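Have a look at this prediction, sequence included:
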Amino acid sequence: MCLLICTHALQRVIVIAAGMLLASSVLSASIEKISICGDGSGWPPYHYLDAEGGFQGYDLDVLALILEPAGIKYEFTMPPWRRCLYGVESNTFQVAVSASFSLERNQDYLLTKPYYNISPVVVGRKGTLEKFTSMKLLEILDFKLCGLKGYSYRFLLGSDAEVTALHDNYLESFRLLGNRPCDLLVARKEIVISHPDWRKAKRENIALRYVPISDVESEQFHMLISRAYPYSAELKKILDDGIDRLEAAGQLSALIKKREIK
């Protein structure tokens, strides 16, 4: 009985996936080539430069599995994040990857369906966090909080007002932890522990620890599509259908696991 049911379920997934691929190929007929951007400072394990200067990461895996079967050519680059966002708004780039949701972005861009989640944490010196296994939002507000310049922390606090942006890189922020400007760094777990600066801090004997924020939900990430792009609606349909297809096949979770750094 299980074999029969499972076989029917598998056949249904295959039929749905085939239908999505066919629809994508029809929609992509008008789309010749697109330009896609990510964060120039790196957003590992989602997009980053490897030792040879090539682009790597989960975002590149997902783009290849969605766009290449649809016959869409694309180029990927990593300018400074603000330039990437402005470029998508002006249609210099047609897509930005790995963007969190905000009401402003929802007005300025077309957002795809979410295609991964990230967990909010605070990072501090081991002495500051040694008695915590997790923290609640009200607990972290008792500390001086800092973050990176150019990033939004509204997913966490509802406002950026309580987060002081001291530097544009993690390593300098790690060095300041425990000093007057900053007790705790607000961060996304998957990003901060995958970043080369985390390993550099360990080499400098900076004793770091992170703890989850227990009463804050994980943050969803989307791709942003230029509203100025003539085929923006078609491109959104292709990307959304591709995300659905990869999710149904279990490929998104498999790609995340492959790229995850413990």
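That came in fine, so what should we check first?

where are the low-confidence patches of the protein?
Within the chain, the stretches with pLDDT under 70 are 1-29, 155-156, 158-161, 261-262.

what do you get if the cut-off is 50, keeping everything else the same?
Across the chain, the ranges flagged by pLDDT under 50 are 2-7, 9-10, 13, 15-16, 21, 23-24, 262.

Could you double-check that His195 sits in contact with Ser173?
No. Taking contacts as Cβ atoms under 8 Å, His195 lies outside contact range of Ser173: 10.9 Å. In short, each C-beta sits where N, CA and C put it, glycine included.

my read: Thr77 touches Ser35, true?
Yes. In this structure Thr77 lies within contact range of Ser35 using Cβ under 8 Å: 7.2 Å.

tell me the SS of the closest residue to Tyr109 other than its chain neighbours?
If the residues on either side of it in the chain are set aside, Tyr109 comes closest to Leu224, at 4.0 Å by Cβ to Cβ, 6 or more residues apart in numbering. In the three-state summary, Leu224 is assigned as strand, counting by DSSP: H, G, I helix; E, B strand; the rest coil.

who's in contact with the residue nearest to Ile140 when sequence neighbours are not counted?
Distance criterion Cβ to Cβ, 6+ apart; nearest residue to Ile140, sequence neighbours excluded, is Val122 at 5.4 Å. With Cβ atoms under 8 Å, 6 or more residues apart in numbering as the criterion, the residues that contact Val122 are Leu129, Met135, Ile140, Phe143, Leu145, Leu184, Leu185, Val186, Ala187, Tyr210, Val211, Ile213.

burial measure for Pro230, as a count.
By the other Cβ atoms under 10 Å criterion, the neighbourhood of Pro230 contains 12 residues.

hmm, I was thinking of Ile213
Neighbourhood size, Ile213 [other Cβ under 10 Å]: 19.

Show me what the closest residue to it other than its chain neighbours is bridged to.
Taking Cβ to Cβ, 6+ apart as the measure, Ile213 lies nearest to Pro120, with 4.8 Å between them; neighbours along the chain are not counted. Assessed by DSSP bridges, Pro120 has beta-bridge partners Arg188.

any idea how far Glu190 is from Pro120?
Pro120 sits 10 Å away from Glu190, going by Cβ to Cβ, to the nearest Å.

what's the answer for Lys136, then?
21 Å.

Of the two, which one has the most company?
More neighbours surround Glu190 than the other of Lys136 and Glu190, with 23 against 12 (other Cβ under 10 Å).

any chance you could map the helices in the stretch 51-200 of the chain?
Secondary structure of the stretch 51-200 of the chain by DSSP state H, counting those that start in this stretch: the helices cover 58-67, 81-90, 103-108, 126-129, 137-140, 154-157, 170-176, 189-192, 196-203.

just checking, what packs against the second one?
I take that to be helix 81-90. Contact here means 3 or more Cβ pairs under 8 Å, 6 or more residues apart in numbering; DSSP states H and E; on that basis helix 81-90 packs against strand 33-37, strand 95-100, strand 219-226.

could the ones you listed go into TSV alongside mean neighbour count and distance to Val88?
Formatted as TSV, the helices and strands packed on helix 81-90 follow (neighbours: other Cβ atoms under 10 Å; distance: least, Cβ to Cβ, whole Å):
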stretch	mean neighbour count	distance to Val88
strand 33-37	18	7
strand 95-100	23	5
strand 219-226	22	5
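
would JSON lines of those with distance to Pro69 be doable?
Compiled in JSON lines, the helices and strands packed on helix 81-90 are given as follows (distance: least, Cβ to Cβ, whole Å):
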{"stretch": "strand 33-37", "distance to Pro69": "15"}
{"stretch": "strand 95-100", "distance to Pro69": "17"}
{"stretch": "strand 219-226", "distance to Pro69": "17"}
